[in-house]
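# model this:
(one chain, ligands or ions: 1)
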Amino acid sequence: MLKAEQLTKRFGDHLALDHLDLTIESGEVYCLLGSNGAGKSTTINIFLGFIPASSGRALIDDLEVSVNNHATRNLVAYIPEVVNLYPTLTGLENLAFFSGLAGFRYSRAEMAAFTDTAGLQPEALDKRVSSYSKGMRQKVGIAIALAKQARALFLDEPTSGLDPHASNEFAQIITRLSGQGVSTLMATHDLLMAKNLGHRIGIMHQGRLQQELRSDAVSYAELTDRYLSTVNQPV
Ligand SMILES: Nc1ncnc2c1ncn2[C@@H]1O[C@H](COP(=O)(O)OP(=O)(O)OP(=O)(O)O)[C@@H](O)[C@H]1O
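So this is what the prediction gives:
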């Protein structure tokens, strides 16, 4: 479970995140929408322990990130738009390296099972990541999440630039992980993806969570209207 309690971040005089309260249950996919600069990545970066909050708390499975940074990093996987891997290592070597960092050692067959579940073609495993497409890198990111037995997934515009087929495959895997109890926080500009993949949707504007909706309770047209009316509020 993920929890933000009055989570706030200032960069100098700028209030990037303004007293965010948020709970994401085990197995829930929560999509954060909002225009550029709304505070989505800031939220994710605090949960990941990349940046400290100015005040408030971020909790992962009841562990406060700022005081259990090492432990909480081992509970999470992060998939940004371009997954950061070692380009001169193969997909399998990257998987071994990153799961090793989290304390897991796997046989080749076990790692191949993770990449298979993530949808990576077996013939890609021993190729250098520098030759991988964006979608293939995402799949290695998913395989790392599986290998780390991540309890929470943080996705920052993960399907941006993916073709519709790759995007659809990605969504299917997230749904599958959700069925296994993984909590997911996804920042996206893709309203249709949020509607189809998210259980709940939050709309942020100027650092504030302005609206929360259940995706099964709104049509795509209603979501679009709500989004536009929120992000077009005057400064
Ligand atoms: N390291 C930083 N130093 C100063 N200001 C920052 C820093 N990181 C983010 N900000 C500011 O905080 C605000 C929120 O940024 P954030 O990246 O969280 O927005 P976002 O909703 O993820 O936007 P986008 O959709 O463009 O990714 C913005 O005004 C941004 O300029």
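# just the strands in this structure please.
Shown for the chain, the strands assigned by DSSP state E span residues 2-11, 14-24, 29-33, 55-60, 63-64, 76-79, 152-156, 183-187, 200-205, 208-214.
# isn't Asn69 up against Gly49?
Yes - applying C-beta atoms under 8 Å, one finds Asn69 in contact with Gly49, separated by 4.4 Å. For glycine as for every other residue, the C-beta is placed from the backbone atoms N, C-alpha and C.
# with mean pLDDT and mean neighbour count added, can I get the strands of the chain in CSV?
What follows is the strands of the chain, written out as CSV (pLDDT from 0 to 100; neighbours: other C-beta atoms under 10 Å):
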stretch, mean pLDDT, mean neighbour count
strand 2-11, 98, 19
strand 14-24, 97, 18
strand 29-33, 97, 25
strand 55-60, 97, 19
strand 63-64, 96, 14
strand 76-79, 93, 25
strand 152-156, 96, 23
strand 183-187, 97, 26
strand 200-205, 97, 23
strand 208-214, 96, 17
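# can you redo those strands as JSON lines with distance to Leu162?
Formatted as JSON lines, the strands of the chain follow (distance: least, C-beta to C-beta, whole Å):
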{"stretch": "strand 2-11", "distance to Leu162": "24"}
{"stretch": "strand 14-24", "distance to Leu162": "23"}
{"stretch": "strand 29-33", "distance to Leu162": "16"}
{"stretch": "strand 55-60", "distance to Leu162": "27"}
{"stretch": "strand 63-64", "distance to Leu162": "32"}
{"stretch": "strand 76-79", "distance to Leu162": "11"}
{"stretch": "strand 152-156", "distance to Leu162": "12"}
{"stretch": "strand 183-187", "distance to Leu162": "13"}
{"stretch": "strand 200-205", "distance to Leu162": "20"}
{"stretch": "strand 208-214", "distance to Leu162": "25"}
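# and these as TSV, adding distance to the ligand?
Shown next, in TSV, are the strands of the chain (distance: least, C-beta to the nearest ligand atom, whole Å):
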stretch	distance to the ligand
strand 2-11	3
strand 14-24	3
strand 29-33	8
strand 55-60	14
strand 63-64	21
strand 76-79	14
strand 152-156	7
strand 183-187	6
strand 200-205	6
strand 208-214	11
